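In: predicted model and sequence follow; I will ask about them next.
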Amino acid sequence: MRTLILAPMYDSPGKHDATGAFQPEVNGFSVRSGGAVNTWVDNHATKPAMRADVLGMVHTVSPTLLAVFSHGWRTGIQFGFGLPHVDELAVELARGCTSVRVALYCCSTGSGPGVGGDGGFADMLRDALCRAGAVNCQVDAHDRAGHTTKNPYVRRFTGQGSNVGGMGGQWIVAPGSALWGRWKAALRGDLRWRFPTMDVAAIHAELEAV
């Protein structure tokens with residue numbers, strides 16, 4: 001698996017978000033992703049410059065797993081990608097690859113105006129990946145604001161072999177379900193870095209064994 005990990009280079013004014021949250025979590029993720037390429041994106045640059053930087057790295061690495069640690073919103077992520085830019089990111093990710101995974105450790109990117117986050121950033125990125133040929137893609141994303149890796153409200157958006165995408169995503173572990181408490185506890189450990197590479201069934205089996 002070729003892994004590219006992105007995080008902001010600088011803290012936001014008055015905060016320790018990059019150095020206190022995103023970058024330390026990248027280090028934990030990287031240890032468990034042998035051969036990962038870690039890149040600090042210059043978040044003092046303009047949005048077009050950040051997009052160009054990210055697209056260049058994706059083109060160079062051709063990752064089968066892209067992990068993004070940054071601020072996020074229903075309509076985009078910190079590095080200048082909004083809903084109008086999902087296709088250009090998807091085309092680079094899908095280049096010669098029908099199966100690509102994206103882990104958005106970014107607040108609210110898994111939410112949207114429709115059911116299951118339909119119409120939000122993660123949903124639209126999944127659809128764009130499918131249109132670009134990555135029909136077996138997977139995008140994991142947080143449904144709301146929370147800690148970059150320990151937030152348990154995670155939806156998975158999958159391509160399922162479609163050329164057009166789908167409607168919304170599914171909870172990896174449904175809030176309030178029998179496994180919800182175990183899931184929240186497990187995300188305080190290293191499962192928070194491992195689950196993007198695991199099938200939902202394997203995640204549930206691990207939680208059931210706790």
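Out: Good, I have the coordinates.

In: show me the shaky parts of the chain.
Out: Judged against pLDDT under 70, the chain has no low-scoring part.

In: nearest the geometric middle of it, what residue?
Out: residue 104 (1.8 Å; C-alpha atoms, centre = their mean).

In: does the residue lying closest to that residue once chain neighbours are set aside sit in a helix, a strand or a coil?
Out: Leaving aside its sequence neighbours, residue 104 sits nearest to residue 141 (C-beta to C-beta, 6 or more residues apart in numbering; 4.1 Å). No exception for glycine: its C-beta is placed from N, CA and C like everyone else's. Following DSSP: H, G, I helix; E, B strand; the rest coil, the label given to residue 141 is strand.

In: count of residues packed around residue 141?
Out: 32 (other C-beta atoms under 10 Å).

In: what is it paired to in the beta sheet?
Out: Beta-bridge pairing for residue 141 (DSSP bridges): residue 104, residue 155.

In: quick one, what contacts it?
Out: Neighbour list for residue 141: 72, 104, 106, 109-110, 117, 120-122, 154-155, 157, 169 [criterion: C-beta atoms under 8 Å, 6 or more residues apart in numbering].

In: pull out the buried residues from these.
Out: Buried members of the contacts of residue 141, scored by 16 or more other C-beta atoms under 10 Å, are 72, 104, 106, 109-110, 117, 120-122, 154-155, 157, 169.

In: any idea how far residue 107 is from residue 9?
Out: Distance, residue 9 to residue 107, by C-beta to C-beta, to the nearest Å: 19 Å.

In: so the two - more neighbours on which side?
Out: Neighbour count, other C-beta under 10 Å: between residue 9 and residue 107, residue 107 has more, with 24 against 15.

In: show me the contacts of residue 141 that map onto helices.
Out: The helices, defined by DSSP state H, take in 121-122 from these.

In: contacts for the longest helix along the chain, please.
Out: Of all the segments of type helix in the chain, defined by DSSP H, the longest one is helix 47-61. With C-beta under 8 Å, 6+ apart as the contact definition, helix 47-61 has outside contacts at 2, 4, 6, 37, 39, 41-43, 45, 66, 79-81, 85, 88-89, 92-93, 95.

In: try 6 Å
Out: Under the contact criterion C-beta atoms under 6 Å, 6 or more residues apart in numbering, helix 47-61 has outside partners 2, 4, 37, 39, 41, 79-80, 92.

In: among the residues you listed, name the buried ones.
Out: Buried by 16+ other C-beta under 10 Å: 4, 39, 41, 79-80, 92, out of these.
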